[in-house]
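# Pasted the sequence and its predicted model underneath.
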Amino acid sequence: MVALAACGLNVRSPDLFVLKRTGEGQTLTLLVNDDGTIRCNGGKPKQLPDKQLLIARDLATSLNNDAKAKLQLAAGLPGSVDFYTVTLPNGKITFPDTAARSHKELAQAELFAVQAAQSPCGLG
């Protein structure tokens with residue numbers, strides 16, 4: 001990357017996904033880039049710890065087929081509190097938090113959102 005920058009090329013890593021959580025609490029928007037940064041609610045890029053970057057990359061890969069299929073699960077199911085939208089290069093997924101019971105990848109997306117909101121975003 002240094003050699004490319006020295007040559008005058010401005011190469012930017014691709015975004016892995018945008019995850020948006022809405023519901024009873026504060027809206028959360030996470031933009032995760034493959035260069036290891038995350039933007040929290042439109043703020044400045046923050047460094048994503050290596051472990052969370054690996055989780056984000058795995059999550060993007062595991063959600064890819066659902067994104068291509070444009071998975072949309074109904075909002076407002078009994079017991080749901082939050083609603084998620086994950087936008088990937090190949091499409092968008094929408095689901096309520098209760099859908100995680102039957103979709104392991106969606107549960108992983110919810111967990112990533114909670115962990116990223118706490119650190120590195122520093123949101124309560």
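That came through, no problem.
# Quick check: E105 touching L59?
Yes - with contact defined as C-beta atoms under 8 Å, E105 counts as touching L59 (7.2 Å). For every residue, glycine as well, the C-beta is placed using N, CA and C.
# who has more neighbours, those two?
Counting neighbours by other C-beta atoms under 10 Å for E105 and for L59 shows that L59 has the greater number, 22 against 19.
# and the more buried one, what does it touch?
Applying C-beta atoms under 8 Å, 6 or more residues apart in numbering, we find L59 in contact with 16-17, 105, 108-109, 112.
# and if you look at L16?
Applying C-beta under 8 Å, 6+ apart, one finds that L16 lies in contact with 32-34, 56-57, 59-60, 88.
# Confirm that it lies within a strand, as I assumed.
Yes - the assignment for L16 is a strand, going by DSSP: H, G, I helix; E, B strand; the rest coil.
# what pLDDT does it get?
In this model, L16 is scored at 97, pLDDT.
# ok, the closest residue to D82 other than its chain neighbours - how many residues close by?
If the residues on either side of it in the chain are set aside, D82 comes closest to G23, at 3.5 Å by C-beta to C-beta, 6 or more residues apart in numbering. Using other C-beta under 10 Å, G23 has 15 other residues around it.
# Could you report the distance from G23 to A67?
Using C-beta to C-beta, to the nearest Å, G23 is found at 21 Å from A67.
# again, but for C121
23 Å.
# Equivalent analysis for P14, please.
14 Å.
# Same question for I93.
6 Å.
# okay, the two: which has more neighbours?
Ranked by neighbour count (other C-beta under 10 Å), I93 and A67 place I93 first, with 26 against 18.
# Can you give me every residue that contacts that one?
Going by C-beta under 8 Å, 6+ apart, I93 touches 63, 66-67, 70-72, 84-86, 106.
# Pick the one among the residues you listed closest to D97.
Y84 (7.0 Å; C-beta to C-beta).
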